[in-house]
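Colleague: structure, please.
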Amino acid sequence: MALALAIVLFLTIALVIFSFGAAVYAPSSVLGARLRTLAGQRVRPQEKPAFRERLEQALDPLSRALPLSPSEVSRTQKWLIQAGYREQRHFTIYLGLRVLLALLGMVGVVAVEGKFDLLTMIGVGGFGFFVPRFLLKRMIRERQRRITLALADALDLTVICVEAGLSLDQALMRVGEDLHHAHPELSDEFHLVNLEMRAGKPRAEALRNLVERSGVDDIRDLVAALVQTDRFGTSISQALRVHSESLRTERRQRAEEQAAKTTIKMVIPLVIFVLPSIIFVTLGPAVVQLIRTLLPATGHR
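Modeller: As a prediction, the model looks like this:
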């Protein structure tokens, strides 16, 4: 008990010192501005930072406390980009949240149990450390699902634009503008492709970057078809139309697959919830009548 109190006291004092130091040295800190004013420095008035900026300032020391190899940094940044978070501050917030949740889990174990249990602290801290990664993976899958559903409609609009006389670059820009409200994820990706091509990147490289940013297999197949079409000089509209039809066929097959899985998925709730009720309703009166008939014959009243 004494050891647990000592650990909690140490963490509290460390948190207070860290908060005071961050408040003093932060550029937008009110306390730091007042201290600098008392010291004779002239401080220019600054606007109050947004919540995201304050969160980034608070989590930046924690993110630096997590040592990462260059390969792991690039992999984590790739995951964040596939989830739609492309700025550097998102990487800082993600790593800081992992360290913060791990520390909060270990401190919570000490506070709840009142003793220093190393195995439980490691388990809870590890769980808190991997929760942001689990949530990030779910966000990536959800974003990829939305992009996959939007791709067939985007290809139909692209075919119409190309057949109307627009080039592929202009068609992608126009489709991205039209899908801004219906499918914002795919619209943002098309917008980035247009920005890269305007900056001077070749079309094939910009399209391959689209594959890396999205991680969707259907976009990978589409980019491969467009690159081959551009290389061999065949009709882009015909290639887009064929690929759009294949995407719609795959989407219909996925829907049929999910519909076929529902019968199997319904077995467990039927067995657990519906079948016992049916048994009680159908056999209950018969069991009661059987008890009433056989109980007097055994001599019991």
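
Colleague: show me where this protein has its strands.
Modeller: With strands called from DSSP state E, the chain shows none.

Colleague: least confident secondary structure element in it?
Modeller: Confidence across the helices and strands of the chain bottoms out at helix 30-38, with a mean of 58, counting by mean pLDDT, DSSP states H and E.

Colleague: distance of Pro296 from Val287?
Modeller: Here the distance between Pro296 and Val287 works out to 16 Å (C-beta to C-beta, to the nearest Å). For every residue, glycine as well, the C-beta is placed using N, CA and C.

Colleague: then Ile219?
Modeller: Using C-beta to C-beta, we find Ile219 at a distance of 61 Å from Val287.

Colleague: those two - which one has more neighbours?
Modeller: A side-by-side neighbour count of Ile219 and Val287, using other C-beta atoms under 10 Å, places Ile219 first with 21 against 10.

Colleague: dump the residue contacts of that one.
Modeller: Contacts here follow C-beta atoms under 8 Å, 6 or more residues apart in numbering; on that basis Ile219 touches 147, 151, 210-211.

Colleague: what about 6 Å?
Modeller: Residues in contact with Ile219 (C-beta atoms under 6 Å, 6 or more residues apart in numbering) are Val211.

Colleague: count of neighbours near the closest residue to Phe127 other than its chain neighbours?
Modeller: Excluding the flanking residues, the one nearest Phe127 by C-beta to C-beta, 6 or more residues apart in numbering is Gly105, at 6.4 Å. Other residues lying near Gly105 total 20 when counted by other C-beta under 10 Å.

Colleague: and the one 5 residues further on, by the same measure?
Modeller: Counted with other C-beta under 10 Å, residues neighbouring Val110 total 20.

Colleague: ok, it to Gly96 distance?
Modeller: Taking C-beta to C-beta as the measure, Val110 falls 21 Å from Gly96.

Colleague: do the same with Glu250
Modeller: Using C-beta to C-beta, one obtains 40 Å as the distance from Glu250 to Gly96.

Colleague: can you map out the helices along the protein?
Modeller: Counting by DSSP state H, the chain has helices at residues 2-25, 30-38, 51-64, 70-82, 88-113, 118-163, 168-178, 184-198, 203-214, 217-232, 236-265, 267-269, 275-297.

Colleague: what average pLDDT does the third one get?
Modeller: Same thing as helix 51-64. When pLDDT is averaged along helix 51-64, the result is 66.

Colleague: repeat that for the fifth one.
Modeller: Along helix 88-113, the predicted local confidence has a mean pLDDT of 86.

Colleague: list the contacts of Val131.
Modeller: With C-beta under 6 Å, 6+ apart as the criterion, the residues that contact Val131 are Leu101.

Colleague: check it and give its pLDDT.
Modeller: In this prediction, Val131 carries a pLDDT score of 93.

Colleague: before we move on, what about the one 3 residues further on?
Modeller: At Phe134 the predicted local confidence, pLDDT, stands at 94.

Colleague: number the residues from 42 up from this point.
Modeller: Shifting the count to begin at 42 puts that one at Phe175.

Colleague: next, the buried residues of stretch 160-180.
Modeller: Applying a neighbour-count criterion of 16 or more other C-beta atoms under 10 Å, the buried positions in stretch 160-180 are 161-162, 165-166, 169-170, 173, 177, 180.

Colleague: please disregard the earlier target; I meant stretch 125-133.
Modeller: By neighbour count, and taking 16+ other C-beta under 10 Å as the criterion, the buried residues in stretch 125-133 are 125-126, 130-133.

Colleague: next, the distance between the ends of it.
Modeller: This stretch, stretch 125-133, spans 15 Å end to end (C-alpha to C-alpha, to the nearest Å).

Colleague: ok, stretch 203-213 next?
Modeller: Using C-alpha to C-alpha, the gap from the first to the last residue of stretch 203-213 comes to 9 Å.

Colleague: what comes into contact with that stretch?
Modeller: Stretch 203-213 is contacted by residues 199, 202, 231, 238, 277-278 when judged by C-beta under 6 Å, 6+ apart.

Colleague: go on, stretch 189-201?
Modeller: Stretch 189-201 is contacted by residues 212, 216, 220, 224, 227, 257, 259, 278, 281-282, 285, 288-289 when judged by C-beta under 6 Å, 6+ apart.
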